[in-house]
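Novice: Sequence and predicted structure, then a few things I'm wondering about:
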Amino acid sequence: MASIKQTNSSLSFRYRLHGGAEEIGGNFIEVEFAGKRIFLDMGMPLTLPEEGPFSSWEIEKRSTAEIVQAGYLPELPGLYNGTDPSILGIIISHPHKDHFGFIKRASPKIPIYMGEKTRAIIEATAHFIKDYPTFKENILHPISDRARFQLGPFEITPFASDHSAFDSYSLLIRVGGKSLFYSGDLRAHGRKGYFFESLLRDIPRSIDHFLLEGTMMGRPREKRLREVDLANDFTGLLTSRRGLVLVNTSAHNIDRLETIYYSAMNAGRTLIMDNYSAYIYTAIGHPFLPGKAPEVRVFFPVRQCINIKKEATFSTKLTPFMDRRIYADEIAKSPEKYVMLFRDSMLEDFSDRGRRYIPTKCLAGAKHIYSMWDGYWDEMPRTQAFLREHRIRNVAIHCSGHAYKQDLKRLLAAAQPQYAVPIHTEKERRKDFKGIYSSVLPVNKGEWQRI
């Protein structure tokens, strides 16, 4: 009897959450069957319960052993040094750091699976932000929508999802007659909302455990907006013929950049991208590339010009955009013609110190549009001071990158899982899943859960 029990135990399908179990972000899931393991995402936390915002820059300076000792990473030595043959691979759902940020700590011997555009975005960003990985030593495998693949005993099916990050996926894991569905991050109201509707039609019924993100559970009062709804707000502000418009948004939010692009065209303005965002667009082969779209110009911030010269990256970062480059003096002649992507690091580009800088007279009558989660706004005191100094009006235009509660309910109704397991959800909001599904299973961080 003992030997039979041991055999059954060794064939159990189980998982544990090393991150994302009790907080938004930091998704890091270990899945095991028959002595073989895979990992779904390897994300950094966004915040720490006692320390506040998590600093990836600070973590970059520490060794993996120090990070494990501090409790930011679980004790999984085989994952970090590549000595455990039971680990078959790591699957990254999308290019947000709270889902891939710790991937640099994994051994390059362990294969990584991700979308081709996800890889392109991460590697392109690494040329500007040094704590991003480049995957030069890794074994990489691309994933794509509905392209089922086998990883040891695990059958894995990616489902393309609508999210503020480009090239995002949900993942269905089947093994031993059981199933686990991991939503990753998703929504129904973006420019790719058809992915969500397709998932509702095609998702297998009676999934055993459904790991479902619940970011919006803690924001019940947030207005339910769609990405296309923002276009009217953007166009209305851009149509005003007075002043330069600065838009503060993530270069990784391709849906939002499309919204800004269309709104600028409708308002008769030219979109100015900085070379960082233009570089990312080029990396993913987006159709609205500078050079192909006449309504787009590229500005090179002073700091980036210095870096390009220091790194001697003229051929990769400068030359491809020369035909569409715009200089400070051209912006100064008619600032009302432009809508400009803007971020904290570009504050120094508005100055009267010389011709390389955009003169401060361009800020007369200017508007600033903040188009990100409002939680990041408190982390931008320099930008806030800049707006006050130059009397620039700030307007917030944004919709979430995550599914609204009603859409989560629709998804669970379609899948009818044995258990809905909250992930990427604030600890105190996990109980709210009871309001959208009858069978909810909160899983504590680090505890194995058998399916």
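Specialist: Right, received. Where do you want to start?
Novice: ok, which stretches of the stretch 301-450 of the chain are helices?
Specialist: Per DSSP state H, counting those that start in this stretch, the stretch 301-450 of the chain carries helices over the ranges 302-311, 328-333, 381-389, 405-415.
Novice: can you pull the contacts of the spatially most central residue of the chain?
Specialist: The centroid of the chain falls nearest to residue 96 when counting by Cα atoms, centre = their mean (2.9 Å). Shown in contact with residue 96 (Cβ atoms under 8 Å, 6 or more residues apart in numbering): 43, 165, 185, 252. Using the backbone N, CA and C atoms, a C-beta is placed for each residue, glycine as well.
Novice: now the second one: how far from residue 335?
Specialist: I take that to be residue 165. 32 Å (Cβ to Cβ, to the nearest Å).
Novice: Same check on the last one?
Specialist: As defined by Cβ to Cβ, residue 252 lies at a distance of 27 Å from residue 335.
Novice: try residue 385
Specialist: According to Cβ to Cβ, residue 385 stands 21 Å off from residue 335.
Novice: who has more neighbours, the two?
Specialist: More crowded of residue 385 and residue 335, by other Cβ atoms under 10 Å: residue 335, with 21 against 11.
Novice: and the closest residue to that one other than its chain neighbours, how many neighbours?
Specialist: Residue nearest to residue 335 in three dimensions, not counting chain neighbours: residue 244, with 3.8 Å by Cβ to Cβ, 6 or more residues apart in numbering. Neighbours of residue 244 under the rule other Cβ under 10 Å: 26.
Novice: What backbone torsions are found at residue 244?
Specialist: phi -70, psi 140 (degrees, to the nearest 10).
Novice: okay but it is in contact with residue 340, surely?
Specialist: Yes: the criterion here is Cβ atoms under 8 Å, and residue 244 meets it with residue 340 at 6.4 Å.
Novice: shared neighbours, the two?
Specialist: residue 331.
Novice: for the protein, what are the low-confidence residue spans?
Specialist: Of all residues in the chain, those with pLDDT under 70 make up the ranges 1-10, 48-54, 288-294.
Novice: Run through the residues that contact residue 406.
Specialist: Residue 406 neighbours (Cβ under 8 Å, 6+ apart): residue 224.
Novice: From residue 367, how far off is it?
Specialist: If you go by Cβ to Cβ, the gap between residue 406 and residue 367 works out to 33 Å.
Novice: what does residue 55 give?
Specialist: 31 Å.
Novice: Compare the two (neighbour count), which wins?
Specialist: residue 367 (20 against 13).
Novice: Enumerate every residue touching the more buried one.
Specialist: By Cβ under 8 Å, 6+ apart, the neighbours of residue 367 are 237, 240, 243, 244, 245, 246, 392, 393, 394, 395.
Novice: need those residues in CSV with distance to residue 104, can you?
Specialist: Shown next, in CSV, are those (distance: Cβ to Cβ, whole Å):
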residue, distance to residue 104
237, 40
240, 45
243, 42
244, 38
245, 37
246, 33
392, 38
393, 41
394, 35
395, 37
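Novice: Of those, which pair is most distant in space?
Specialist: 240 and 394 (14.9 Å; Cβ to Cβ).
Novice: just the CA coordinates of stretch 441-451, formatted as PDB?
Specialist: Coordinates of each C-alpha in stretch 441-451 appear next as PDB, following Å, rounded to 0.1, in the frame of the first residue of the first chain:
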ATOM      1  CA  LEU A 441     -10.000  29.100  -3.500                       C
ATOM      2  CA  PRO A 442      -7.500  31.700  -2.100                       C
ATOM      3  CA  VAL A 443      -4.000  30.200  -2.200                       C
ATOM      4  CA  ASN A 444      -1.400  31.400   0.200                       C
ATOM      5  CA  LYS A 445       2.100  32.400  -1.000                       C
ATOM      6  CA  GLY A 446       4.500  29.500  -1.100                       C
ATOM      7  CA  GLU A 447       2.000  26.700  -0.300                       C
ATOM      8  CA  TRP A 448       1.600  23.800  -2.600                       C
ATOM      9  CA  GLN A 449      -1.900  23.400  -3.900                       C
ATOM     10  CA  ARG A 450      -2.900  20.000  -5.500                       C
ATOM     11  CA  ILE A 451      -5.300  19.800  -8.400                       C
END
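Novice: Sort out which residues of it are buried, please.
Specialist: 441, 442, 443, 445, 449, 451 (16 or more other Cβ atoms under 10 Å).
Novice: JSON lines please, covering the residues you listed and showing distance to residue 92.
Specialist: Shown next, in JSON lines, are these (distance: Cβ to Cβ, whole Å):
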{"residue": "441", "distance to residue 92": "25"}
{"residue": "442", "distance to residue 92": "25"}
{"residue": "443", "distance to residue 92": "21"}
{"residue": "445", "distance to residue 92": "20"}
{"residue": "449", "distance to residue 92": "22"}
{"residue": "451", "distance to residue 92": "22"}
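Novice: and these, which two are the farthest apart?
Specialist: 445 and 451 (18.0 Å).
Novice: measure residue 108 to residue 167 for me?
Specialist: On the measure of Cβ to Cβ, residue 108 and residue 167 end up 22 Å apart.
Novice: More neighbours: which of these two?
Specialist: Neighbour comparison, residue 108 and residue 167: the larger count goes to residue 167, with 24 against 14 (by other Cβ under 10 Å).
Novice: Surely that one and residue 94 touch.
Specialist: Yes: counting by Cβ under 8 Å, residue 94 is a contact partner of residue 167 at 6.4 Å.
Novice: Could you pull out the residues contacting both of these two?
Specialist: Residues within reach of residue 167 and of residue 94 at once, by Cβ under 8 Å, 6+ apart, are 115, 118.
Novice: now stretch 36-46, how far from the chain's geometric center?
Specialist: Offset of stretch 36-46 from its chain centre (Cα atoms, centre = their mean, to the nearest Å): 15 Å.
Novice: let me fix that: stretch 228-240
Specialist: Worked out by Cα atoms, centre = their mean, stretch 228-240 lies 24 Å from the chain centre.
Novice: what residues does that stretch touch?
Specialist: Contacts for stretch 228-240 (Cβ under 8 Å, 6+ apart): 191, 245, 256, 259-260, 262-264, 266-269, 339, 367, 369, 371, 395, 397-399.
Novice: try 7 Å this time
Specialist: Contacts with stretch 228-240, where a contact means Cβ atoms under 7 Å, 6 or more residues apart in numbering, come from 245, 259-260, 262-264, 266-267, 269, 339, 367, 369, 395, 397, 399.
Novice: Same question for stretch 189-203.
Specialist: When contacts are defined by Cβ under 7 Å, 6+ apart, stretch 189-203 is touched by residues 159-164, 170, 186-188, 226-227, 255, 258, 399, 404, 407, 410-411, 414-415.
Novice: Just the buried residues out of those residues, in PyMOL syntax.
Specialist: Buried members of those can be picked out in PyMOL with the line below, counting by 16+ other Cβ under 10 Å:
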select buried, resi 159+160+161+162+163+164+170+186+187+188+227+255+258+399+404+407+410+411+415
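Novice: List the ones among the contacts of stretch 189-203 that fall in strands.
Specialist: When DSSP state E defines the strands, the subset of the contacts of stretch 189-203 inside them is 159, 160, 161, 170.
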